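Trainee: Predicted coordinates and the sequence they were generated for:
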Amino acid sequence: MKIGILLTGHPPDVLRDQFDEYDVMFRALLDGNGFTYETFAVVDGQFPKDEFQADGWIITGSRHGAYEGHPWIPPLEDLIRAIRQSGRPLIGVCFGHQIIAQALGGKVEKFKGGWAVGRTDYDYNGQSISLNAWHQDQVVELPEDARVLGTNTFCRNAMVAYGDNVWTVQAHPEYGDAFIQGLMNTRGKGVVPDAVMEAAANRLPAPDDNPKIGQLMAEFLKKERA
């Protein structure tokens, strides 16, 4: 099965020598499932020819806002709608979670409650899971046909499904502790409040559920659909 990764951002320049690109992080998260991959750096204007160029799709995170006026955002929204219509599986993570909601009729904005950083607990279908988060933007209004699967008191729409072929998550199952620490040491300074960063640093040693969510994502991509 071929997975197309729609790259909507890059790690900070100061972390490029230490960490992989986001598409490589997803390949590592989904390792062992027999997938092949092709990456399209849509943030740099590199798009697939159509929604049929891969059997399943993943949209990555980004430092950009879904509501910003970048020229690559409208064609990405068109592609999202085309993938959904095709019935092929589509997964969105962080920015991917937000841009899918926006493309399908929802609303994304800079959340007045501030930032979520580091290890964060969610209620996912009645189960407690722990994932690394890094976001201020949130989906504040959902499209009519959205189903909330995961939530917490800070992020009401943390995990969302649309029909049986679109699944999205606000947190970052592809981010390990070292990358979160790197973001806190670079991109977060002067942007994220010190108290939020300190609390996140104290939570980093706790275990996460990245492997569990990675397997859930793989099963979603491979699921037989009519």
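Mentor: Structure's in. What do you need?

Trainee: Need the residue closest to the centroid of this protein.
Mentor: V93 (1.0 Å; Cα atoms, centre = their mean).

Trainee: Hmm, I59 and it touching each other?
Mentor: Yes. Contact criterion Cβ atoms under 8 Å: V93 and I59 qualify, at 6.9 Å. Heads up, the C-betas are built off the backbone N, CA and C, glycines and all.

Trainee: Can you show me the helices along the protein?
Mentor: Listed in chain order, the helices of the chain (DSSP state H) span 22-29, 73-86, 95-103, 177-185, 194-203, 210-222.

Trainee: Return the set of buried residues in the fourth one.
Mentor: If I follow you right, that is helix 177-185. Within helix 177-185, the residues scored as buried using 16 or more other Cβ atoms under 10 Å are 177, 179-180, 182-184.

Trainee: How about stretch 98-105?
Mentor: Using 16+ other Cβ under 10 Å as the test for burial, stretch 98-105 gives 98-104.

Trainee: Show me how far it is from its chain's centre.
Mentor: 13 Å (Cα atoms, centre = their mean, to the nearest Å).

Trainee: Now do the same for that stretch: mean pLDDT, whole number.
Mentor: Stretch 98-105 comes out with an average pLDDT of 98.

Trainee: Likewise for stretch 177-191?
Mentor: Averaged across stretch 177-191, pLDDT comes to 91.

Trainee: Kindly report the same for stretch 47-56.
Mentor: Here the average pLDDT along stretch 47-56 is 98.

Trainee: what's it in contact with?
Mentor: By Cβ atoms under 8 Å, 6 or more residues apart in numbering, the surrounding residues in contact with stretch 47-56 are 1-4, 38, 40, 57, 72, 75-76, 79, 82-83, 85-86, 88-91, 221.

Trainee: what about G190, how many neighbours?
Mentor: Neighbour count of G190, defined by other Cβ atoms under 10 Å: 7.

Trainee: If you could redo that for D209, that was the one I meant.
Mentor: Counted by other Cβ under 10 Å, the residues lying close to D209 total 19.

Trainee: In space, what's closest to it - neighbours in sequence excluded?
Mentor: Using Cβ to Cβ, 6 or more residues apart in numbering and skipping residues adjacent in sequence, the residue nearest D209 is I129, 4.3 Å away.

Trainee: Next, work out how far apart the one you found and E77 are.
Mentor: Going from I129 to E77 by Cβ to Cβ, to the nearest Å gives 29 Å.
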